[in-house]
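Asker: need a 3D model of the sequence below.
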Amino acid sequence: MNRTHRKQRGSKLLGGGVALALATGGLMAATTLTGSAGAAESGQTRAAVPAHAVTGYWQNFDNGATVQKLGDVQDGYDIIAVAFADSTATDGQIEFNLAPELGYASEDEFKADIAAKQAAGKSVIISVGGELGNVTVDDSESARQFADSAYALMEEYGFDGVDIDLEHGINAQYMGEALKSLASKAGDGLVLTMAPQTLDMQNTETEYFKLALDVKDILTVVNMQYYNSGSMAGCDGNVYAQGTVDFLTALACIQLENGLDADQVGIGTPASTKGAGSGYVDPAIVNDALDCLAKGENCGEFKPEKTYPGLRGAMTWSTNWDASNGDNWVNSVAPHVHALPQSVPPTPHHSGPAAGFGGRAPFRSRHRLPRSGRSAAQRSPSKRARSPSPQSTPTRMARRPVAGRAWALAVAASSRGGEGTPSVSVRRRHPTARWCSWAG
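Answerer: Next up is the predicted model:
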């Protein structure tokens, strides 16, 4: 993201209670990476994120866009990501420094704005990273520092969760460790979002994709940045230019067909031409992409072979650039997102390797029990095996490299209509992605 900002390290920083906790190790030392303190003790109640949600980044700095106080953020945004937390001299540790140029008389006024947004049903989270920011989490100690300091900021300011927008490398193992620890402290209702760049989500072997799958049980949404990218490969192996509906849909397909649920995928675009160096698309194109993925309508050349009515929604950088552009993005995209179809319980799939996702079931039920009410088997993705439909037999897949790519021939005996006619489909694998398919 084009997120130039100044870090106000000379201004204040952590609130007194948070600074004391970090300095003494009192509260934080009592909550280890496997501990479980948190929201229940703090009494914080978080509003549920809507089934279809709009995320907007709010700038805690002045870079030429309209300066907003948090209370000025447009009502169409459901998740407001405060950009950004800052790193400290301690690896993994983060702090928040309210920028003086925003015009707040005190931090209490800022906290009151957070509370007012939450009272209106919005989620307010703290974003970590950005174009110029970086936090190093590459071992268990830095993972502990991240979880402790992020939770401390949630306690101090009332944030509902965190956004991971690290654009200079990420360690999936230890960031996953940190986020799971944070979830154990924060309790049910933690809002966890991510904003990887397009290159970060081209296949499941990238660190960001590994992280998303590792924390899938606590992940709210991945709002990939479909900008500042250049052309990229879609899930059908074809290359698409940014700024088109095909770019949005074919790249979203990689995530949707490789382990993330539809309600964990969002489309991130700039709010104006000044919000990014490249990749701006008119909000009407964003709406077309949403329609294509959720309803199979208004697609470009690429059309996914199935629809994803549970698609979470859209994201923009930023609410400030949106305000500078007359609120054009939110006034167009937010009503469209909120009008997307409600998802229906999916049809069970065979959960073996023939499912085409390395053994991972390609969906999970939308009707989830609260974390505390689910068994270990229900919480673990690897234990959510679906039984094959009684009307079909397990699919067999044969793989063979052809001209540098891999092809799969899937043959399944089907008894639809009582005919028992085998159906045959051909799927081509993106050179670096897991099994993806396309309509054609």
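
Asker: for the top helix by length along the chain, packing partners?
Answerer: Scanning the chain for the longest helix, with DSSP state H as the assignment, gives helix 140-157. Based on contacts counted as 3 or more CB pairs under 8 Å, 6 or more residues apart in numbering; DSSP states H and E, the elements that helix 140-157 packs against are helix 16-24, helix 26-29, strand 94-95, helix 107-119, strand 123-130, strand 161-166, helix 172-186. The C-beta positions use only the backbone N, C-alpha and C, and glycine is treated the same way.

Asker: try it again with 6 Å
Answerer: With contacts taken as 3 or more CB pairs under 6 Å, 6 or more residues apart in numbering; DSSP states H and E, helix 140-157 sits against helix 16-24, helix 172-186.

Asker: could you tell me the least trusted of those helices?
Answerer: Lowest mean pLDDT within the helices and strands packed on helix 140-157: helix 16-24, at a mean of 37.

Asker: what are the ranges of the strands in the stretch 251-400 of the chain?
Answerer: 265-270, 313-317, 396-402 (DSSP state E, counting those that start in this stretch).

Asker: just checking: what are the partner strands of the shortest one?
Answerer: Strands that pair with strand 313-317, judged by DSSP bridges, come out as strand 53-59 (parallel), strand 265-270 (parallel).

Asker: how many neighbouring residues does the closest residue to residue 336 other than its chain neighbours have?
Answerer: In space, and not counting its chain neighbours, residue 336 is closest to residue 287: 4.5 Å by CB to CB, 6 or more residues apart in numbering. If you count neighbours by other CB atoms under 10 Å, residue 287 ends up with 21.

Asker: span of stretch 265-279 from start to end?
Answerer: Stretch 265-279 has an end-to-end distance of 19 Å (CA to CA, to the nearest Å).

Asker: actually stretch 313-323, sorry about that
Answerer: 20 Å.

Asker: any low-confidence regions in this structure?
Answerer: 1-45, 343-440 (pLDDT under 70).

Asker: quick one: the helices in it, in order.
Answerer: Going by DSSP H, the chain shows helices at 16-24, 26-29, 39-42, 107-119, 140-157, 172-186, 207-214, 245-256, 283-295, 319-324, 328-338, 376-379.

Asker: residue 125 is nearest to which of the ones you listed?
Answerer: helix 140-157 (8.8 Å; CB to CB).

Asker: give the buried residues for the closest one.
Answerer: 142-157 (16 or more other CB atoms under 10 Å).

Asker: and for stretch 160-174?
Answerer: 160-167, 170-174.

Asker: next: stretch 124-132.
Answerer: Result for stretch 124-132 [16+ other CB under 10 Å]: buried residues 124, 125, 126, 127, 128, 129, 130, 131.

Asker: of all these, which comes closest to residue 342?
Answerer: Using CB to CB, the buried residues of stretch 124-132 come closest to residue 342 at residue 125, 24.4 Å.

Asker: for that closest one, give me its contacts.
Answerer: By CB atoms under 6 Å, 6 or more residues apart in numbering, the residues touching residue 125 are 81, 159, 160, 161, 162, 163, 191.

Asker: may I have the phi/psi pair for the closest residue to residue 136 other than its chain neighbours?
Answerer: Among residues not flanking residue 136 along the chain, residue 91 sits closest, at 4.7 Å (CB to CB, 6+ apart). Main-chain torsions, residue 91, degrees, to the nearest 10: phi -60, psi 130.

Asker: burial count for residue 91?
Answerer: Counted with other CB under 10 Å, residue 91 comes out at 16.

Asker: and which of the contacts of residue 125 is nearest to residue 333?
Answerer: Closest to residue 333, out of all of the contacts of residue 125 and judged by CB to CB, is residue 81, at 15.9 Å.

Asker: how many neighbours does that closest one have?
Answerer: If you count neighbours by other CB under 10 Å, residue 81 ends up with 29.

Asker: give me every residue that touches it.
Answerer: Residue 81 neighbours (CB under 6 Å, 6+ apart): 57, 125, 127, 163.

Asker: ok, now how distant is it from residue 315?
Answerer: Noted for residue 81: a distance of 8 Å to residue 315, by CB to CB, to the nearest Å.

Asker: before we move on, what about residue 176?
Answerer: From residue 176 to residue 315 the distance is 22 Å (CB to CB).

Asker: neighbour count for the two, which is higher?
Answerer: Between residue 176 and residue 315, residue 315 has the larger neighbour count (other CB under 10 Å), namely 30 against 21.

Asker: doesn't residue 270 make contact with that one?
Answerer: No: taking CB atoms under 6 Å as the definition, residue 315 is not a contact partner of residue 270, at 10.2 Å.

Asker: residue 295: which of the buried residues of stretch 160-174 is nearest?
Answerer: residue 163 (27.8 Å).

Asker: how far away is the nearest residue to residue 288 once chain neighbours are set aside from residue 291?
Answerer: Spatially, and ignoring its direct neighbours in sequence, residue 288 is nearest to residue 298 (4.0 Å; CB to CB, 6+ apart). As judged by CB to CB, residue 298 and residue 291 stand 4 Å apart.

Asker: kindly report the same for residue 113.
Answerer: Applying CB to CB to residue 113 and residue 291 gives a distance of 34 Å.

Asker: the nearest residue to residue 143 once chain neighbours are set aside: neighbour count?
Answerer: Sequence neighbours aside, residue 178 is the residue nearest to residue 143 in space, at 3.9 Å (criterion: CB to CB, 6+ apart). Number of residues near residue 178 (other CB under 10 Å) recorded here: 28.

Asker: who's in contact with residue 178?
Answerer: Shown in contact with residue 178 (CB under 6 Å, 6+ apart): 137, 143, 146, 147.

Asker: surely the first one and residue 144 touch.
Answerer: This means residue 137. No: contact criterion CB under 6 Å: residue 137 and residue 144 do not qualify, at 9.5 Å.

Asker: run through the bridge partners of residue 197.
Answerer: Bridge pairing for residue 197 - DSSP bridges - gives residue 225.
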